[in-house]
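Engineer: Sequence plus predicted model, see below.
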Amino acid sequence: MLANHAGIVRRSAATTAAVGALMAVISLAVGGGKGLLGSVLGIALVAVFFAISVAAVGRAAKVSPQAMMITAMTTYILKILVLLFFVVRFSDSTAFNPRLFGLTAIVCILAWSGSQVTWSLRLKIPYVEPDGER
């Protein structure tokens with residue numbers, strides 16, 4: 001992974017961690033212990049999902065841009081299917097608050113995505129590779 005991209009990942013992770021901590025506090029205030037547990041599970045799910053994506057796409061980037069794109073799309077589809085499984089499986093759970101689980105997951109996903117876009121736009125990375133022969 002390029003140094004610029006590693007910086008984007010680090011900054012996005014830090015932003016998402018801060019938002020996750022805020023959501024945990026809000027969930028504790030709103031839903032008590034079950035709300036906090038739901039929030040922590042949502043944060044953990046998002047952290048694991050994005051860690052898998054970063055690792056998989058980073059490895060595929062060393063192979064080729066095509067492999068990187070295929071890996072990104074495949075991990076995205078698999079994550080959506082796993083998330084669907086978790087939502088269906090635990091929608092009626094009484095061990096934690098499923099609404100705060102879902103809300104925290106959505107907020108953390110939006111924080112991660114927004115942070116990635118924001119930090120990517122701030123970098124001055126050329127999107128055209130200059131021709132070395134000229």
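Structural biologist: Received the coordinates, thanks. Numbers count the residues shown, from 1 in each chain.
Engineer: If you count neighbours, what's buried in the helix or strand harbouring residue 69?
Structural biologist: When elements are defined using DSSP states H and E, residue 69 is found to belong to helix 65-90. Taking 16 or more other CB atoms under 10 Å as the neighbour-count basis, helix 65-90 is seen to contain the buried residues 68, 71, 75, 79, 83, 86. The way it works is simple: take the backbone N, C-alpha and C, and place the C-beta from them, glycine included.
Engineer: Stretch 98-117 too?
Structural biologist: Counting neighbours by 16+ other CB under 10 Å, one finds that the buried residues in stretch 98-117 are 98, 100-105, 107-109, 111-112, 115-116.
Engineer: ok, back up a step: wait, which of the buried residues of helix 65-90 is closest to residue 28?
Structural biologist: Within those, proximity to residue 28 (CB to CB) peaks at residue 86, which comes in at 21.5 Å.
Engineer: what about the chain, any weak spots by pLDDT?
Structural biologist: Low-confidence segments of the chain (pLDDT under 70): 1-4, 125-127, 129-130, 132-134.
Engineer: residues contacting the residue nearest in space to the middle of it?
Structural biologist: A centroid search over the chain (CA atoms, centre = their mean) returns residue 50, at 3.8 Å, as the residue closest to the centre. Residues in contact with residue 50, defined by CB atoms under 8 Å, 6 or more residues apart in numbering, are 13, 16, 112.
Engineer: try it again with 6 Å
Structural biologist: residue 112 (CB atoms under 6 Å, 6 or more residues apart in numbering).
Engineer: Now do the buried residues in stretch 12-26.
Structural biologist: Using 16+ other CB under 10 Å as the burial criterion, the residues of stretch 12-26 that qualify are 12-13, 15-16, 19-20, 23-24, 26.
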